[in-house]
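> with the sequence up front, the predicted model follows.
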Amino acid sequence: MRGELPVLERLEATLTDFRLLLRGEREPPGAVAIVAIDDAMVQRAGRFPIPRSVLADLLSAITREEPAVTALDILLVDEGPGDEDRALADALSGSRTVIAGAAVFDEASQTTAGDGPLAGVPVAQRLLLPRQSFLERASLGIVNVATDRNGTPRFVPMLFRTSDRLEISLPLRAAASAQGQEPFLEEGALQLGERRIATDIGYRLPLAFYGGRGTIPTFSAADLLDDRVAPEELRGRVVVVGATVTGGGDVFPTPFDPVLPGVEVIATAISHLIAGDALVRDQHVRRIDAAVAVVLPMALVALLGWRRNVMGIAAAAAVLAVWAVANVAAFDSGYWLSAALPLAAAAPPALIYGTAQLLQGRRRATFFETQSAMLQRIQAAGLSQWLARDPDFLSEPVRQDAAVVFVDLSGFTGLSETLGPVATRELLDSFYDLVDREVTACHGAVTSFMGDGAMILFGLPEPTAEDAANAADCAVGLCLRLRDWLEARGETRIGFKLGAHFGSVVASRLGRGSNQQIATTGDTVNVASRLMDFAKQNGAELAVSQELLAEAGRDRFDRGTLDGPAGAHLRGRAGSLSVWLWRPARQSRSA
């Protein structure tokens, strides 16, 4: 509220330049004209600064054109030749003129008064005043402007203080003289005739440049002395006289022109005061800035928390876009709302919150990734991945055709009594790994490991025409791998048996709430399980039903011999079933 945020000044300056360029050049009101002491005038006068006698002739020529007032943006602090000073004093006596003084400050930046109605008014160490003979014939105005860190004029102070006096600026004095009114001070504003002019802290007038050099009508002083300027160009206007000569030094960078003459800055301020088209940046605008600086970060954080995904980011970006458009629209309408302050207020909490959410999201992703990997190690990978994509998978029972394979180690119970728990666990772990790799390679799913055995299903999560063939490949592959596995371990005390069948099954979830598991039931499952015993009773490693053989084809079993069909009376079934017995070739074969 006191304007004490210098750290944001450079950002605000850049954003203000952008908004001025976006607004574009504008036609000045026409109340002000410039008579320039340019290169042509200096060449005509023979030197720079031009002699005061030539300046007196120029002032007399301007007076003849009947301007509203003439403002000399020229410091006349030194004593000149007596005849030249007298000529200039006489010219001042015959005109309504404001002459320039300058404030001198201890520091590079202007210090300001602290409290009271004049709080924020620049406090000068001293004033550089024109010679007394000139002051007696003209009004005084201070020409200092307030620039940002880039040197661009942003404000023109309307008041200046020293330890013992208060002076007004040259633009305010010229505008008041042109209207024949004395300015009155209000809180945060100036009253000039019937016009109330809002000002910023310390009665500073914000500048909004109309364009580059020459946007405000400018005429060469040489042309005026040679009667090449039409009288109506100056009549009734405030005429500002100042130097634009090359190398004169009184230039400022602006968004429209990197070397705008200082006289045009003063002319812009006078035009603002007369036309009332200055940017408004007063205490009311600063209160809006403060409110936006509080509300905007709260809104962004709330939106980021509302949807912690792309939607939340898009909503936050939309709010920022709406604010930016509103800020630019307000600037275009003449209200200078801060752009840097809300951004500086909103960026840290939004970035901190967004970063915290990102880190938390990564931790959650890592956690769920770990849980998913653990689930896939415990559950069949295909089924767990399907559940991750479709949480409602098998929420209702599904009847379909599928191939079922059972595998079991023979003699394992007796062996485990002699091996002990550690060796038993190592043996089972190796067995499970072998089964899992073979089943995965054949596109099946181990629905459960049961001690020294496993149930394998082909047809979930979706049935395919290759389910029976894949089951046959898996059954044969397991026989070969298990034989080699046992031989490699030198284990002769145990064997293995497999049963494979194809038919209708019912797949569903069993259990309630958080304690659920995927199960496959039906006569097909029971038959496949009983076929293991039939294989063992007949000295074979694999028993295959006629149904599976018909679906898979005999060529799937060409790595061994098939005997059958034999009529099998399975435990728990009334009728017989056609079964084929598969045995590998005599020689050991690698998987």
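Thanks, I have the structure now. Residues are numbered from 1 along each chain as shown.
> now the helix or strand where residue 298 lies - C-alpha only, CSV.
In the assignment (DSSP states H and E), residue 298 maps to helix 283-306. The C-alpha coordinates for helix 283-306 follow below in CSV (Å, rounded to 0.1, in the frame of the first residue of the first chain):
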residue,chain,number,x,y,z
GLN,A,283,-5.0,3.9,-3.2
HIS,A,284,-8.2,2.3,-4.5
VAL,A,285,-6.2,0.5,-7.3
ARG,A,286,-3.6,-0.5,-4.7
ARG,A,287,-6.3,-2.0,-2.5
ILE,A,288,-7.5,-4.1,-5.5
ASP,A,289,-3.9,-5.2,-6.0
ALA,A,290,-3.6,-6.3,-2.4
ALA,A,291,-6.9,-8.2,-2.6
VAL,A,292,-5.9,-10.0,-5.8
ALA,A,293,-2.5,-10.8,-4.3
VAL,A,294,-4.4,-12.6,-1.5
VAL,A,295,-7.3,-14.2,-3.5
LEU,A,296,-5.3,-15.4,-6.6
PRO,A,297,-2.9,-17.7,-4.8
MET,A,298,-5.8,-19.1,-2.7
ALA,A,299,-7.7,-19.8,-5.9
LEU,A,300,-4.8,-21.5,-7.6
VAL,A,301,-3.9,-23.7,-4.6
ALA,A,302,-7.6,-24.6,-4.2
LEU,A,303,-7.9,-25.6,-7.8
LEU,A,304,-4.7,-27.6,-7.7
GLY,A,305,-6.0,-29.4,-4.6
TRP,A,306,-9.5,-29.9,-6.1
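> pull out the buried residues from it.
Across helix 283-306, burial judged by 16 or more other CB atoms under 10 Å covers 285, 286, 289, 292, 293, 296, 297, 299, 300, 301, 303, 304. All C-beta atoms are positioned from the backbone trio N, CA, C, and that covers glycine.
> got it, and stretch 71-90?
Across stretch 71-90, burial judged by 16+ other CB under 10 Å covers 71, 72, 73, 74, 76, 80, 85, 87, 88, 89.
> who touches the helix holding residue 298?
The list of residues contacting helix 283-306 from outside it, by CB atoms under 8 Å, 6 or more residues apart in numbering, reads 1, 3, 188, 312-313, 315-316, 319-320, 323, 335-338, 341-342, 344-346, 348-350, 353-354, 357.
> likewise for stretch 314-330?
With CB under 8 Å, 6+ apart, stretch 314-330 has contacts from 19, 22, 292, 296, 299-300, 303-304, 306-307, 336-337, 339, 342, 346, 350.
> for this protein, which spans come out with low pLDDT?
1-4, 107-115, 307-309, 361, 364-395, 511-517, 572, 574, 586-591 (pLDDT under 70).
> tell me which helix or strand the residue nearest the centre of it sits in.
A centroid search over the chain (CA atoms, centre = their mean) returns residue 317, at 6.9 Å, as the residue closest to the centre. Per DSSP H and E: residue 317 is located in helix 310-332.
> give me the number of residues near the closest residue to residue 84 other than its chain neighbours?
Leaving out its chain neighbours, the residue that sits closest to residue 84 by CB to CB, 6 or more residues apart in numbering is residue 52, at 3.9 Å. Neighbour count for residue 52, taken as other CB atoms under 10 Å: 22.
> wait, what's in contact with residue 52?
When contacts are counted by CB under 8 Å, 6+ apart, residue 52 touches 76, 80, 81, 84, 85, 87, 88.
> among the residues you listed, name the ones in helices.
The members of those that map onto helices under DSSP state H are 84, 85, 87, 88.
> need those in CSV with distance to residue 453, can you?
Below are the ones in helices among the contacts of residue 52 laid out as CSV (distance: CB to CB, whole Å):
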residue, distance to residue 453
84, 120
85, 120
87, 122
88, 117
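> what is the most widely separated pair among the residues you listed?
By the measure CB to CB, 85 and 87 form the most distant pair in those, at 7.3 Å.
> which helices and strands does the helix or strand harbouring residue 506 pack with?
Using DSSP H and E, residue 506 falls within strand 495-512. Strand 495-512 is packed against strand 398-410, helix 467-489, strand 515-521, helix 523-537, strand 542-545, helix 546-552, with contacts defined by 3 or more CB pairs under 8 Å, 6 or more residues apart in numbering; DSSP states H and E.
> how far does that strand sit from the chain's center?
54 Å (CA atoms, centre = their mean, to the nearest Å).
> and what of stretch 73-86?
So, by CA atoms, centre = their mean, the centroid of stretch 73-86 is 59 Å from its chain's centroid.
> can I get that stretch in PDB, CA atoms only?
What follows is stretch 73-86, C-alpha atoms only, in PDB (Å, rounded to 0.1, in the frame of the first residue of the first chain):
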ATOM      1  CA  ASP A  73      11.900  23.000 -20.300                       C
ATOM      2  CA  ILE A  74      15.300  24.800 -20.000                       C
ATOM      3  CA  LEU A  75      17.300  25.500 -16.900                       C
ATOM      4  CA  LEU A  76      18.200  29.200 -16.700                       C
ATOM      5  CA  VAL A  77      20.200  29.000 -13.400                       C
ATOM      6  CA  ASP A  78      23.500  30.600 -14.600                       C
ATOM      7  CA  GLU A  79      24.200  34.200 -15.300                       C
ATOM      8  CA  GLY A  80      24.600  35.000 -18.900                       C
ATOM      9  CA  PRO A  81      25.700  38.100 -20.800                       C
ATOM     10  CA  GLY A  82      23.800  41.100 -19.400                       C
ATOM     11  CA  ASP A  83      22.200  42.200 -22.700                       C
ATOM     12  CA  GLU A  84      21.000  38.600 -23.400                       C
ATOM     13  CA  ASP A  85      19.600  38.200 -19.900                       C
ATOM     14  CA  ARG A  86      17.700  41.500 -20.200                       C
END
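> what lies in contact with that stretch?
Contacts of stretch 73-86 (CB under 8 Å, 6+ apart): 37, 49, 51-53, 55-56, 88, 99-102, 128-131, 133-134, 143, 170, 240-243, 262-263, 266.
> just the buried residues from those residues, in PyMOL please.
A single PyMOL command selects the buried members of the contacts of stretch 73-86 (16+ other CB under 10 Å):
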select buried, resi 37+49+51+52+53+55+56+88+99+100+101+102+128+129+130+131+134+143+170+240+241+242+243+262+263+266
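> if you look at the contacts of stretch 73-86, which of them are in helices?
Using DSSP H, the members of the contacts of stretch 73-86 that fall in helices are 52, 53, 55, 56, 88, 133, 134, 170, 262, 263, 266.
> not counting sequence-adjacent ones, nearest residue to the third one?
Distance criterion CB to CB, 6+ apart; nearest residue to residue 55, sequence neighbours excluded, is residue 88 at 5.9 Å.
> how much space between that neighbour and residue 133?
The gap separating residue 88 from residue 133 is 9 Å, by CB to CB, to the nearest Å.
> over to residue 345?
Computed with CB to CB, the distance linking residue 345 and residue 133 is 55 Å.
> swap in residue 46?
Here the criterion is CB to CB. By it, residue 46 lies 24 Å from residue 133.
> and residue 398, bridged to which residues?
residue 507 (DSSP bridges).
> could I have stretch 458-478 exported to PDB, CA atoms only?
What follows is stretch 458-478, C-alpha atoms only, in PDB (Å, rounded to 0.1, in the frame of the first residue of the first chain):
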ATOM      1  CA  PHE A 458      -6.000 -70.900 -20.300                       C
ATOM      2  CA  GLY A 459      -9.000 -68.700 -21.300                       C
ATOM      3  CA  LEU A 460      -8.800 -65.800 -18.700                       C
ATOM      4  CA  PRO A 461      -9.000 -62.900 -18.800                       C
ATOM      5  CA  GLU A 462     -10.400 -63.400 -22.300                       C
ATOM      6  CA  PRO A 463     -10.900 -66.700 -24.200                       C
ATOM      7  CA  THR A 464      -9.100 -67.200 -27.500                       C
ATOM      8  CA  ALA A 465      -9.000 -69.900 -30.200                       C
ATOM      9  CA  GLU A 466      -5.500 -70.800 -29.100                       C
ATOM     10  CA  ASP A 467      -6.300 -71.700 -25.500                       C
ATOM     11  CA  ALA A 468      -6.300 -75.500 -25.900                       C
ATOM     12  CA  ALA A 469      -3.100 -75.400 -28.000                       C
ATOM     13  CA  ASN A 470      -1.400 -73.200 -25.500                       C
ATOM     14  CA  ALA A 471      -2.500 -75.600 -22.700                       C
ATOM     15  CA  ALA A 472      -1.100 -78.600 -24.600                       C
ATOM     16  CA  ASP A 473       2.200 -76.700 -25.200                       C
ATOM     17  CA  CYS A 474       2.400 -75.800 -21.600                       C
ATOM     18  CA  ALA A 475       1.700 -79.400 -20.400                       C
ATOM     19  CA  VAL A 476       4.300 -80.900 -22.600                       C
ATOM     20  CA  GLY A 477       6.800 -78.200 -21.800                       C
ATOM     21  CA  LEU A 478       6.300 -78.700 -18.100                       C
END
